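1. Quick one: sequence and predicted model below, then my questions.
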Amino acid sequence: MNKFSVFSLASLVIFILLFFTMLSGVSFGKLGRLLIFSMFLFPLLGAFFGLKAQKGVLKWLLIILNVIAVCVIGYLLLLGLSIGER
């Protein structure tokens, strides 16, 4: 594992921790928008670092997991803004 794989994995773990914190109902007050922005930013950074990682299965696994995380938070944002479903 090189440093880009570690950064990608760390950003994915940070996203998962923030996601479960959000699901548990913890109130962040005025920092809620910053939390949502960071939940969208960390998987994007993880996918970027995953692209720069060394070749192998771990590289593509990290890229796929980070892209799935971006899709999940994007879908939740769409649902939260009443755009996702009718």
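-> Nice, thanks for sending it over.
2. Grab the nearest non-local neighbour of residue 62.
-> Leaving aside its sequence neighbours, residue 62 sits nearest to residue 50 (Cβ to Cβ, 6 or more residues apart in numbering; 4.0 Å). C-beta here means a position set from N, CA and C on the backbone, and glycine is covered the same way.
3. For that neighbour, which phi and psi angles does the backbone take?
-> Backbone torsions for residue 50, taken as degrees, to the nearest 10, come to phi -60, psi -40.
4. Same question for the one 3 residues further on.
-> According to degrees, to the nearest 10, the main-chain angles of residue 53 amount to phi -70, psi 170.
5. And it, what's its pLDDT?
-> Listed pLDDT for residue 53 reads 89.
6. quick one: low-confidence parts of this structure?
-> Scanning the chain for pLDDT under 70 picks out the ranges 84-86.
7. what sits up against the longest helix out of those in the chain?
-> Looking across the chain with DSSP state H, the single longest helix is helix 57-80. For helix 57-80, the external contacting residues (Cβ atoms under 8 Å, 6 or more residues apart in numbering) are 1, 5, 8-9, 11-12, 15-16, 19, 36, 39-40, 42-44, 46-47, 49-51, 53, 84-85.
8. Contacts only, for the residue nearest to residue 62.
-> By Cβ under 8 Å, 6+ apart, residue 50 lies in contact with 4, 5, 8, 59, 60, 62, 63, 66.
9. Neighbour count and distance to residue 74 for these - can I get that in CSV?
-> As requested, the contacts of residue 50 are arranged in CSV below (neighbours: other Cβ atoms under 10 Å; distance: Cβ to Cβ, whole Å):
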residue, neighbour count, distance to residue 74
4, 18, 24
5, 19, 24
8, 28, 19
59, 19, 23
60, 13, 21
62, 23, 18
63, 18, 16
66, 25, 12
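10. Output the residues you listed in JSON lines; the columns should cover distance to residue 80.
-> Formatted as JSON lines, the contacts of residue 50 follow (distance: Cβ to Cβ, whole Å):
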{"residue": "4", "distance to residue 80": "32"}
{"residue": "5", "distance to residue 80": "32"}
{"residue": "8", "distance to residue 80": "26"}
{"residue": "59", "distance to residue 80": "32"}
{"residue": "60", "distance to residue 80": "30"}
{"residue": "62", "distance to residue 80": "27"}
{"residue": "63", "distance to residue 80": "26"}
{"residue": "66", "distance to residue 80": "21"}
